[in-house]
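*Asks:* Sequence below, structure please.
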Amino acid sequence: MPPSIYSPFHYLPLDGEDKDPSKGDITQMNISDQNLVEYVQAYFRYYRQTVDEFFPQLREILSLYAHYPFHTYIVRMGPNGVIIGHCRAEQSKIEVRRFQDFDPPFETPNIIHLCERLQLEHCWFDCTARTYDPADAEIDAIRIALEGALEAFWRSIPSEEAFADICDAFLKAERVHFKNAQNPGNAEKRIDKVAEVVLQEPAGFRRVETWGFQYKHYPVERISSASLREAEALLLNESAPDILCVVTSDDLTSVSRYIAADNERIRVWDRSILNRLANDHLDILRDYFKQYPNAVQELTRRTAKEQGQPDALFRELASRLQCCPTGRETFMTFESIGIEFLTTLFSDELGPPKPQIRTLDGTQRRDVLFRNNRNSRFFNRLIDLCSADSIIVDFKNYAERIEPPEINDVCRYTNKALGRFVLVVSRKGATDSTAETQHRQYRDYGIVCLVINDDDLIEMADRKCRHQKPEDVLEDKLDELLHSY
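*Replies:* Residues are numbered from 1 along each chain as shown. Model prediction:
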């Protein structure tokens, strides 16, 4: 019997009943019609605010924004079911109904017939028990705004070659190992790339499968069933790969979805899968659609701060840090992650970052300057010890630990105006031989240079999540430097 293949969004019985913790513990709603009206009002407010702030260039493209105002219908169905749909109107109006209120009545509650009768352009439904409070509205509105921005991005890609470049970058990040051999052929029947995919099994066993990839960029239409039938035909060849994965920038037709589910050797990565990859690898997407990663990171930070849950943000930052390669090519990515760590760890203690500040003569570049707000014992101590009115931070995305010459270089960034403190954020930290150089800089010039690595950043984040002082990690390093002086 062939294996059953399920998409990443398909829940299995063994996943348990607690598959979506965001739904809360309620089993039956006790929500008034007015609660639902207020939810919709807040939803549109947060949606438009998100688009205005992060994606103003898409205001005329995103139909939910461009076609506003709407006549919104909220149709209640049973104890928990809610259908919310919008159609264009001259002014905003929100109306709550039940299926039994319609004349003529519906034979059965059917969302497709409802959309047709009310001419709804946008519609969604939920049959789970929810609170429908303003926090729900904000989360739902932000999610839809981000999904709309990604849809606009995929549609804007100018060619199939450009689409293939983006897909290749995602596949490499997913540790797909491309082979040199490709399989050119008829434009509609080719296999664009051949790769080896390592699959993890229980108890540490691994197996390698050969996958072929077809890239289908459809800016304005969905992939057809004919394309998938051609993919099935390719698999009949003796030299065919184990799996053929069709990657498309749009959605599937219902027939295509059936074909993909029916053949265990075919995978289809449609826009929903690509969106998931984009959110998993924001640093890759930054090269193609910079506004989106910026929006995700800022909105994640705000939401975590509002909910008093910085751990979600730090988990995301730690994951990005671990996935960021060392080297010159990814220096800007590492610097961006490091700045986010520091601004989140020390939101009260440090002022806004000022990246890549050059001296007036242009000879020195300090990666980032932070104003010292003097809001904790450690940062007050830096004022007393080395007049650190500003915190100079230098990022080193090296594969090896830094050596004494790097310590001497960064210490030259200090001056009377900024103070005599430098923090070096190095992926692997520093060699033991740098300690003597740090001591000499303090003895001869009064300069304090501390070095932290990836593990130190994550430890400070853990302390922050446990409501402890993250700067204690820095203070321990300062004490170690001074006590061994």
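*Asks:* All the helices of the stretch 301-450 of the chain, in order from the start?
*Replies:* Along the stretch 301-450 of the chain, counting by DSSP state H, counting those that start in this stretch, helices occupy 310-323, 331-345, 377-386, 404-411, 434-445.
*Asks:* Point out the most buried one among those helices.
*Replies:* Between those, the one whose residues have the most neighbours on average, counting mean count of other Cβ atoms under 10 Å, is helix 331-345 (a mean of 21). Any C-beta I mention is one placed from the backbone N, CA and C, and that applies to glycine too.
*Asks:* what angle do that helix and helix 310-323 make?
*Replies:* Here helix 331-345 points in a direction 160 degrees away from that of helix 310-323 (axes from the mean of the first three to the mean of the last three Cα atoms, to 10 degrees).
*Asks:* how does the protein divide into domains?
*Replies:* Residue ranges for the domains of the chain, per automatic domain parsing: 23-153, 157-280, 321-483.
*Asks:* Could you list everything residue 206 pairs with in the sheet?
*Replies:* The residues listed as beta-bridge partners of residue 206 by DSSP bridges are residue 200.
*Asks:* In contact with it, which residues?
*Replies:* The neighbours of residue 206, taking Cβ atoms under 8 Å, 6 or more residues apart in numbering as the test, are 198-200.
*Asks:* For the stretch 51-200 of the chain, give me the ranges with low pLDDT.
*Replies:* Applying pLDDT under 70 to the stretch 51-200 of the chain picks out residues 180-189.
*Asks:* Mind jotting down where the strands sit in it?
*Replies:* Across the stretch 51-200 of the chain, reading from the start of the chain, the strands by DSSP state E, counting those that start in this stretch fall at 70-77, 81-88, 93-98, 122-126, 177-178, 193-200.
*Asks:* if we can go back for a sec, residue 303 is nearest to which of the domains of the chain?
*Replies:* Each of the domains of the chain was scored for nearness to residue 303 using Cβ to Cβ, and the closest is domain 23-153 (7.5 Å).
*Asks:* Tell me what angle the host helix or strand of residue 479 forms with helix 434-445.
*Replies:* Remark: residue 479 resides in helix 471-483, with elements defined by DSSP states H and E. Helix 471-483 runs at 70 degrees relative to helix 434-445, counting by the same axes, to 10 degrees.
*Asks:* Run through who's touching helix 471-483.
*Replies:* By Cβ under 8 Å, 6+ apart, the residues outside helix 471-483 that reach it are 346, 349, 376, 378-379, 381, 423, 435, 438-439, 442, 448, 450-452, 456, 459-460, 463.
*Asks:* Tabulate the helices of the stretch 301-450 of the chain in JSON lines, adding columns for mean pLDDT.
*Replies:* Shown next, in JSON lines, are these (pLDDT from 0 to 100):
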{"stretch": "helix 310-323", "mean pLDDT": "82"}
{"stretch": "helix 331-345", "mean pLDDT": "90"}
{"stretch": "helix 377-386", "mean pLDDT": "94"}
{"stretch": "helix 404-411", "mean pLDDT": "94"}
{"stretch": "helix 434-445", "mean pLDDT": "94"}
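*Asks:* Can you lay out the ones you listed as JSON lines showing distance to residue 248?
*Replies:* As requested, these are arranged in JSON lines below (distance: least, Cβ to Cβ, whole Å):
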{"stretch": "helix 310-323", "distance to residue 248": "25"}
{"stretch": "helix 331-345", "distance to residue 248": "28"}
{"stretch": "helix 377-386", "distance to residue 248": "52"}
{"stretch": "helix 404-411", "distance to residue 248": "47"}
{"stretch": "helix 434-445", "distance to residue 248": "52"}
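*Asks:* Among these, which comes closest to residue 228?
*Replies:* helix 310-323 (32.0 Å).
*Asks:* Need the pLDDT of residue 279.
*Replies:* Residue 279 is assigned a pLDDT of 89 by the prediction.
*Asks:* What residues does the closest residue to it other than its chain neighbours make contact with?
*Replies:* Beyond its immediate neighbours in the sequence, the residue positioned closest to residue 279 (Cβ to Cβ, 6 or more residues apart in numbering) is residue 296, lying 6.9 Å away. Contact analysis of residue 296 by Cβ under 8 Å, 6+ apart lists 146, 279, 282.
*Asks:* separation between residue 296 and residue 461?
*Replies:* Going from residue 296 to residue 461 by Cβ to Cβ, to the nearest Å gives 18 Å.
*Asks:* swap in residue 209?
*Replies:* In this view, residue 209 and residue 461 are 36 Å apart by Cβ to Cβ.
*Asks:* Pick out whichever of those two has more residues nearby.
*Replies:* Neighbours were tallied for residue 209 and for residue 461 using other Cβ atoms under 10 Å; the higher tally belongs to residue 461 (22 against 12).
*Asks:* Per-residue pLDDT of that one, please?
*Replies:* At residue 461, the pLDDT value in this model is 91.
*Asks:* number of nearby residues for residue 208?
*Replies:* Burial of residue 208 is recorded as 11 neighbouring residues (other Cβ under 10 Å).
*Asks:* hang on, the earlier thing: now the helix holding residue 479 against helix 377-386, angle please.
*Replies:* Using the same axes, to 10 degrees, one finds that helix 471-483 and helix 377-386 are set 30 degrees apart in direction.
*Asks:* returning to that earlier point: reformat the strands of the stretch 51-200 of the chain into a markdown table and put mean neighbour count next to each item.
*Replies:* Output for those, formatted as a markdown table (neighbours: other Cβ atoms under 10 Å):
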| stretch | mean neighbour count |
| --- | --- |
| strand 70-77 | 20 |
| strand 81-88 | 19 |
| strand 93-98 | 15 |
| strand 122-126 | 14 |
| strand 177-178 | 14 |
| strand 193-200 | 15 |
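*Asks:* With distance to residue 292 added, can I get those in TSV?
*Replies:* Rendered in TSV, the data for the strands of the stretch 51-200 of the chain read as follows (distance: least, Cβ to Cβ, whole Å):
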stretch	distance to residue 292
strand 70-77	25
strand 81-88	24
strand 93-98	30
strand 122-126	21
strand 177-178	26
strand 193-200	25
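*Asks:* between the ones you listed, which gets nearest to residue 155?
*Replies:* Scanning those with Cβ to Cβ as the criterion, the closest one proves to be strand 122-126, at 17.2 Å.
*Asks:* buried ones in the helix or strand containing residue 35?
*Replies:* Secondary structure assignment for residue 35, by DSSP H and E: helix 33-54. Taking 16 or more other Cβ atoms under 10 Å as the basis for neighbour counts, the residues of helix 33-54 that come out buried are 36-40, 42-44, 46-48, 50-51, 54.
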